[in-house]
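Participant: return a 3D structure for these sequence lines:
(one chain, ligands or ions: 1)
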Amino acid sequence: MKWLSERIQGIKLSAIREVLSKVEAAKQKGVAVTNFSIGRPDFDTPDHIKASAKSALDQGYVHYTASAGIPGLREAVCRRLGEDFELNINPSEVIITNGATEAIHIGLQSILNPGDEVIVPEPMYVYYTGWSFLGGAKCVSIPLSMEDEFVLKPDRLKDYISDKTKVLILNSPNNPTGQVYEKEDLLAIAELAVQHDIMVISDDIYNQMIYDDVNYFPIANAPGMKERTLIIGSFSKSYAMDGWRIGYLIAPQALIDQAMKMHQHIVSCPNSFVQFGAQTALEASQECVKEMVREFDRRRILILSCLDDMGIPYVRPKGAFYVFPAIGQFAMTSRAVSDFLLDEAQVAVVPGDAFGAAGEGYIRISYSTAYEEIEKGMERVKKALSRL
Ligand code: PLP
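Facilitator: Alright, predicted model coming up:
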């Protein structure tokens, strides 16, 4: 089509969508598919959060709000991050966004210039490359594997830093690997960021979903990092609010004031009544989050024991709700294994290469599916794979 912009031609639809259309096609044929490809909680949004949004609607909160979001929600974000992670944020440093998706986009658009480089450990969340491209920058990926336990070590990072490096994107707990960065590594990475004057985008959207008593350390708390970290938050996963489309961007004041221009150009302001629900999510008891995380943990243990039983290797996930097992023993590409599992076991997974070339040789299994469904699905996977 002759009038398409170079910008739009330089980005791709998420490869996860391809899996979803295959699942839909199978369903149309009357096949019941166990879906391990979904990157969202299967739980409903807790009732008290819904009630709060409904009440906001009834009270007439149907108009534009302040562009940065309602003051109560921006304050609630700061209080929750202070309480949970000892982060010291001022409400004026917060913009409420249309999910983490908008937060990362406007954050990157506010700091990138053509020719800049964005370093991202790979496998990576599907849109980082596209967001970098939209900012005119080049995404420089650092391939990680099971041998690295899918964690970027500071020594490795050093080799990829150039005088064009502007940003490092870190995502911990990670989608798709479920890995959580340790404090020592983050302190050393932070030192490099300060030394080379690099901004860090800390995609923290799974920071409430942690297992095995692992300690979560926000890189913004490392020396010299508060002034060079963009914190990305979301209500999608922790509060099962992915369809509500709400999240936030936190950045140093001078940057957030600039990012506001981009935010206004894209969405003007976040959805009004949704913000009241989000504020309640943060201010009310966090027991609902803990309850969901406990259930995810139960499922995680189940999936891991099924993988052990089949002799399929993986790095034990410590956060989020994904496991990223290696499928090299089957001598097939990750796409072929995913198609095989859909056809032969009626189980949908995401091929690892959807998260970049370093993901080839792995598949992503999401355990945001009911426990009993996982039991049945993994049994079918076992039977199908045993025929290979
Ligand atoms: N970042 C990561 C690592 C994700 O996994 C996702 C969603 O799956 C997002 C960002 C986008 O989240 P949101 O629903 O808040 O836009």
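
Participant: all strands of the protein, in order?
Facilitator: Using DSSP state E, the strands of the chain run over 34-35, 94-97, 117-122, 138-143, 165-171, 199-203, 229-234, 247-250, 322-323, 347-348, 350-351, 363-366.

Participant: can I get these in a markdown table including mean neighbour count and mean pLDDT?
Facilitator: Yep, even glycine has a C-beta here, placed from its N, CA and C like the rest. Output for the strands of the chain, formatted as a markdown table (neighbours: other Cβ atoms under 10 Å; pLDDT from 0 to 100):
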| stretch | mean neighbour count | mean pLDDT |
| --- | --- | --- |
| strand 34-35 | 22 | 94 |
| strand 94-97 | 28 | 98 |
| strand 117-122 | 24 | 98 |
| strand 138-143 | 18 | 98 |
| strand 165-171 | 23 | 98 |
| strand 199-203 | 24 | 98 |
| strand 229-234 | 26 | 98 |
| strand 247-250 | 27 | 98 |
| strand 322-323 | 24 | 98 |
| strand 347-348 | 25 | 97 |
| strand 350-351 | 28 | 97 |
| strand 363-366 | 27 | 98 |
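
Participant: quick one: closest of these to the ligand.
Facilitator: When the strands of the chain are compared for distance to the ligand using Cβ to the nearest ligand atom, the nearest one is strand 229-234, at 3.2 Å.

Participant: walk me through which strands that closest one pairs with, and which way each runs.
Facilitator: Next to strand 229-234 in the sheet, as set by DSSP bridges, lie strand 199-203 (parallel), strand 247-250 (antiparallel).

Participant: so, in contact with the ligand or not, the longest one?
Facilitator: Yes. When contact is scored as Cβ under 6 Å from any ligand atom, part of strand 199-203 falls within range of the ligand: residue 203.

Participant: now the angle between strand 117-122 and that strand, please.
Facilitator: Strand 199-203 and strand 117-122 are oriented at 30 degrees to each other (axes from the mean of the first three to the mean of the last three Cα atoms, to 10 degrees).

Participant: follow-up on the earlier one: same list, the strands paired with strand 229-234, but as a markdown table with distance to residue 369 please.
Facilitator: Putting the strands paired with strand 229-234 into a markdown table (distance: least, Cβ to Cβ, whole Å) gives the following:
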| stretch | distance to residue 369 |
| --- | --- |
| strand 199-203 | 24 |
| strand 247-250 | 24 |
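
Participant: and residue 374, which of the ones you listed is closest to it?
Facilitator: strand 199-203 (26.4 Å; Cβ to Cβ).

Participant: and for residue 243, the neighbour number?
Facilitator: 11 (other Cβ atoms under 10 Å).

Participant: look up how far the ligand lies from it.
Facilitator: 9 Å (Cβ to the nearest ligand atom, to the nearest Å).
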